[in-house]
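**Q** I need the structure of the sequence given here:
(one chain, ligands or ions: 1)
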Amino acid sequence: MGAHATQARFRMSAILLDVDDTLVDTKAAFRHAIVATASEYLPASTDMEEATTAWRRDRGGYYRAYTRGEMDHFTQRKLRVHDLHAQFGGPTLTDAEYVEWEKIFEAAFQEGWEAHPDAEPFLDALDARGIAYGALSNAQASYQEHKLAAVGLGRVPMLVGVDTFGVGKPDPRVFLEACRRLGSEPAQTYYVGDEFDIDARAAVEAGLRGVWCERAGTWASRDPAEVQRAGVVHVATLSELLPLLPG
Ligand SMILES: [Mg+2]
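**A** Okay, the predicted model is just below:
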């Protein structure tokens, strides 16, 4: 894993960034939130790593359905809780009970928000080189603005969220709209995200350059041949991108 020493420097006019698990350590915040809800709703023997992984993997694909505009946020969240409890022995919640669950989850989730330590130095490097940047995320834009500000990354403008068009990545429209708002040509714009399919590969398919920042232990690994075929740059951290920046 990691950038190849022979990787050419980027020819770029701008860079677009994913938020969750790219700039912000969302995985750790989810763990914090799952632990908080588990103390009320799941058996004491629950393995918190397994429960966090199950939450993030979202085997029912409910969050993806939300980002395709097929389901509202409340419904997808409630179905994820239902599935989590089905897997780990928690109760089936009524809508009113789910609202209580959500309060505990959201408070702990926000308490757990922290930037990845390499995010700020990366932004400093972009600022020093005069490279324009902004964020494109599959969550609501105002929520992500709040999150970025809370972790000290408020200088990153939120360009496009799932609410901009009612759909998110991998739909090419969100990538192209983010470029338009940034005033950059897609072919000279790099998109950096932690999810191989909806971030890096989708960016390439939309006509941008795709960078897969595979944060260690964040997602299941991918077949290297598949990664190569996708034509994406593959790194493990934002720091690995610093030698590839122009100038
Ligand atoms: Mg992400």
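
**Q** wait, a strand at residue 45?
**A** No - counting by DSSP: H, G, I helix; E, B strand; the rest coil, residue 45 falls outside a strand, being coil.

**Q** please renumber so the chain begins at 30
**A** All right, first residue 30 from here; so that's residue 74.

**Q** measure how buried it is and give me the count.
**A** 7 (other C-beta atoms under 10 Å). (C-beta placed from N, C-alpha, C; glycine too.)

**Q** try residue 246
**A** Other residues near residue 246 number 10, with proximity taken as other C-beta under 10 Å.

**Q** distance check, it against the ion.
**A** Using C-beta to the ion, to the nearest Å, residue 246 is found at 14 Å from the ion.

**Q** residues contacting that residue?
**A** Neighbour list for residue 246: residue 56 [criterion: C-beta atoms under 8 Å, 6 or more residues apart in numbering].

**Q** tell me the pLDDT at it?
**A** The per-residue pLDDT reported for residue 246 equals 80.

**Q** you'd agree it is in a strand?
**A** No - assigned with three-state DSSP, residue 246 falls outside any strand and is coil.

**Q** I'd like the distance between it and residue 78.
**A** Per C-beta to C-beta, to the nearest Å, residue 246 is found 10 Å from residue 78.

**Q** could you do residue 258 as well?
**A** Counting by C-beta to C-beta, the gap from residue 258 to residue 78 is 32 Å.

**Q** again with residue 237
**A** 34 Å.

**Q** neighbour count: those two, which is higher?
**A** residue 237 (26 against 11).

**Q** contacting residues for residue 85?
**A** By C-beta under 8 Å, 6+ apart, the contact set of residue 85 is 56, 59.

**Q** how about residues contacting the lowest-mean-pLDDT helix or strand in the chain?
**A** Ranked by mean pLDDT, DSSP states H and E, the weakest helix or strand in the chain is helix 253-259, scoring a mean of 92. Contact partners of helix 253-259, identified using C-beta under 8 Å, 6+ apart, comprise 225, 229-230, 233, 239, 241, 263.

**Q** pull out the buried positions in it.
**A** Residues of helix 253-259 classed as buried: 256, 259 (neighbour count, 16 or more other C-beta atoms under 10 Å).

**Q** repeat that for stretch 140-149.
**A** Buried residues in stretch 140-149, counted by 16+ other C-beta under 10 Å: 141-145, 147-149.

**Q** is residue 163 in a bridge, and if so with what?
**A** residue 45 (DSSP bridges).

**Q** ok, it - contacts?
**A** Applying C-beta under 8 Å, 6+ apart, we find residue 163 in contact with 43, 45-46, 185-188, 207, 210-211.

**Q** please apply the same query to residue 109.
**A** Neighbour list for residue 109: 84, 87, 89, 91-92 [criterion: C-beta under 8 Å, 6+ apart].
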